[in-house]
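# what's the 3D shape of this:
(chains A and B, ligands or ions: 1)
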Amino acid sequence: MSHDTTPALVKPRPVPTPTSRPFWDGLAAEEVRIQRCADCGGWVFYPRSRCSHCLSGRLEWRTVDGAGVVFTFSAATQATFPAFADEVPQVIAVVELPEGVHLTTTIVGAAPDDVRVGAAVVPVFDHGADGMTLLRYRLA
Amino acid sequence: MGLRGDAHIVGYAQERSERRFTGQAKLTLEQWADLAAAALHDAGIDSREVDGLVCGGDLLESSTFVPATIAEYMGWSVNLAERVDLGGATPAGMVWRAASAIELGLCEVVVMAVVGSAVPPSPKPAPFDDRILFGASSNAWGSPQAEFEIPYGNIAQNCGFAMYAQRYHELYGWDERARAKVAADQRVSACANPDAVFFGQPVSVDDVLASRMIATPLRMLEIVMPCARGGAALVMCSADRARRTDHRSVAVIGFGERLTHKTPTYAPDLPHTPVAAAAASAFAMAGLGPADMDMVQLYDCYTITALLSIEDSGFCGKGEGQAFVREHDLSYRGDFPCNTHGGQLGFGQAGLAGGMSHIVEAVRQIQGRAGERQLVRHDTAYVTGTGGVMSEQTALVLQGA
Ligand SMILES: [Zn+2]
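Residues are numbered from 1 along each chain as shown, chains lettered A, B, ... in the order given. Coordinates of the predicted model:
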């Protein structure tokens, strides 16, 4: 089978920045690491160079449990991008962690009808052949 | 705080909507010139009087220095050269910026335009630009969307608005017929608008619910139709100059703007939207309230957009939007005239021109030029613009002079 390099048929993958690298290194080690502000105590996601609550530059990486609840979701019954056609219906979700941060993910291993706002979910570390690990979730 | 109502919209131009372009394709600069000329002609103002311009988005011929490129092409020397970058809220954002500049005395006659029609194929080979694949999402390295959204399939608009709808319904109840009725009622108005892409094509609530699911819970007929033909322009001038124009002039008496996030993942209080703050500002500035509006023209890229905007603008309480839609007729014939041109859901969306269609319709109605769909009471209008995924919000209150 030939590898298709048509841009729309290649799944876009994350490419870390120097700032975000610890987050991705954490996922590779099956840990969820997010930033906490040493000045105001606020939790920050996505990774930033400064705190999104107070703009302090004193952000520290903390390892958290990673379990959360579904804040909202949609099952894409038409692929949002051609390369994701094999995952349709793809349950794209926003998960809220107890620290208060929201992150985009997909809910795997569940039919769309089984997913509800408020459902408890736990991390699934999806290790890719490119060395990047995506943080997916399954129903707890 | 705010406007005195001394800046008036006095003319407009609007291309009709087509899904497939059938006219003579022109450069975006040429489309800008056509729209500007038509709007100035409508106002009865000579091009040599123009001393301000506001544009939105790129020109295909120049992605930077856009106002300068336009001014030079039109032969204008201007005191206001503004480019607005607020997605679907761009046209509403253009209006208050122009009004503010006029009230500050910076300029007397401002032209605003957004183009949306097909361009001729370029004979120059262009490098592949992957921005066309990602819509409103940025896949450039370092973009938070490229790193934390796009790899999970959270791309462009459908999924984001669907996530608004999902949480809205789970918190406030499921009435999918009410959401569908937004599209069906607006289609009634589109059927009274020969320029609308869905002119002559009514749909029922059942038709909407029977259309293909795209992103749960949103279906095909709840999602705006992209068009390959469109474009609109407005001419605004001082109240003094407006007294010597051809039609009833339309004062901008209130506005509000609020922006809180780019993607809904980080929306502070979903499904509460920034519409609430924008609307509160616009009504307070105008000294009027929702009950004083003769019509509403609400940005409607999706049914849920209009529903959330009805609620958060204050036409009913939070969570009461579905009952409100059930109990009111939103068509031009109804007791709550909303998107009387058909809205984008019925009129079509040609890029940023879709958001200007709401403003053009408000002006047309207030001026008494809406033909078959002319409202009996047509002195005041409330207009919104939505950019991103309920993220960039602009609200306007307009009043006939
Ligand atoms: Zn902080």
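
# contact partners for B:A362?
B:V250, B:M295, B:Q297, B:A381, B:V383, B:L396, B:L398 (CB atoms under 8 Å, 6 or more residues apart in numbering or on different chains). No exception for glycine: its C-beta is placed from N, CA and C like everyone else's.

# turn those into a markdown table, including secondary structure.
Formatted as a markdown table, the contacts of B:A362 follow (DSSP: H, G, I helix; E, B strand; the rest coil):
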| residue | secondary structure |
| --- | --- |
| B:V250 | strand |
| B:M295 | strand |
| B:Q297 | strand |
| B:A381 | strand |
| B:V383 | strand |
| B:L396 | strand |
| B:L398 | strand |
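
# of those, closest to the ion?
The ion lies nearest to B:L396 out of those, by CB to the ion, at 35.7 Å.

# what sits closest to the closest one if chain neighbours are left out?
B:V383 (4.4 Å; CB to CB, 6 or more residues apart in numbering or on different chains).

# I figured the one you found was touching B:M356, is that so?
No - the pair B:V383 / B:M356 is not scored as a contact, 10.1 Å apart, by CB atoms under 8 Å.

# quick one, what contacts the residue nearest to B:G342 when sequence neighbours are not counted?
In this structure, B:G342 finds its nearest non-sequential neighbour in B:A190, 2.8 Å apart by CB to CB, 6+ apart. Contacts here follow CB under 8 Å, 6+ apart; on that basis B:A190 touches B:A196, B:V197, B:F198, B:F199, B:Q201, B:H341, B:G342, B:G343, B:L345, B:G346, B:F347.

# if I look at the third one, what pLDDT would I see?
Listed pLDDT for B:F198 reads 98.

# list the contacts of B:S77.
B:D51, B:A71 are the contacts of B:S77 under CB under 8 Å, 6+ apart.

# from B:A98, how far off is it?
17 Å (CB to CB, to the nearest Å).

# B:E72 too?
Counting by CB to CB, the gap from B:E72 to B:A98 is 20 Å.

# of those two, who's got more company?
The neighbour count for B:E72 versus B:A98, taken as other CB atoms under 10 Å in any protein chain shown, is higher for B:A98 (29 against 12).

# tell me who's in contact with that one.
B:A7, B:G52, B:V54, B:L80, B:E82, B:V110, B:M112, B:M236.

# near chain B, which residues of chain A? Just list them.
A:7-8, A:11-17, A:20, A:46, A:71-81, A:84, A:87, A:89-90, A:92-94, A:102-106, A:112, A:116-118, A:134, A:136 (CB under 8 Å from any CB of the partner chain).

# from those residues, which land in strands?
Those of those mapping onto strands are A:71-76, A:90, A:92-94, A:102-106, A:134, A:136, per DSSP state E.

# in chain A, which spans are helices?
A:21-28 (DSSP state H).

# quickly list the domain ranges of it.
A:16-64, A:65-140 (automatic domain parsing).

# out of those, the one nearest B:R373 is which?
Across those, B:R373 has its closest neighbour in domain A:65-140 (33.0 Å, CB to CB).

# contacting residues around the helix or strand bottoming out on mean pLDDT in chain B?
When the helices and strands of chain B are scored by mean pLDDT, DSSP states H and E, helix B:131-134 comes last with a mean of 82. Helix B:131-134 is contacted from outside by A:P7, A:A8, A:F81, B:S138, B:N139, B:I150, B:I155, B:A156, using CB under 8 Å, 6+ apart.

# let's see it at 7 Å
Identification of contacts with helix B:131-134 by CB atoms under 7 Å, 6 or more residues apart in numbering or on different chains yields A:P7, A:A8, A:F81, B:I150, B:I155, B:A156.

# buried residues in that helix?
B:L133, B:F134 (16 or more other CB atoms under 10 Å in any protein chain shown).

# identify the residues contacting the very next helix or strand once past that helix?
Moving toward the C-terminus from helix B:131-134, the next helix or strand (DSSP states H and E) is helix B:144-148. With contact meaning CB under 7 Å, 6+ apart, helix B:144-148 is reached by A:P14, A:V15, A:S20, A:Y46, A:L103, A:T104, B:S137, B:S138, B:N139, B:A140, B:T263.

# after helix B:144-148, next one along is what?
Assigned by DSSP H and E, the successor of helix B:144-148 is helix B:158-172.
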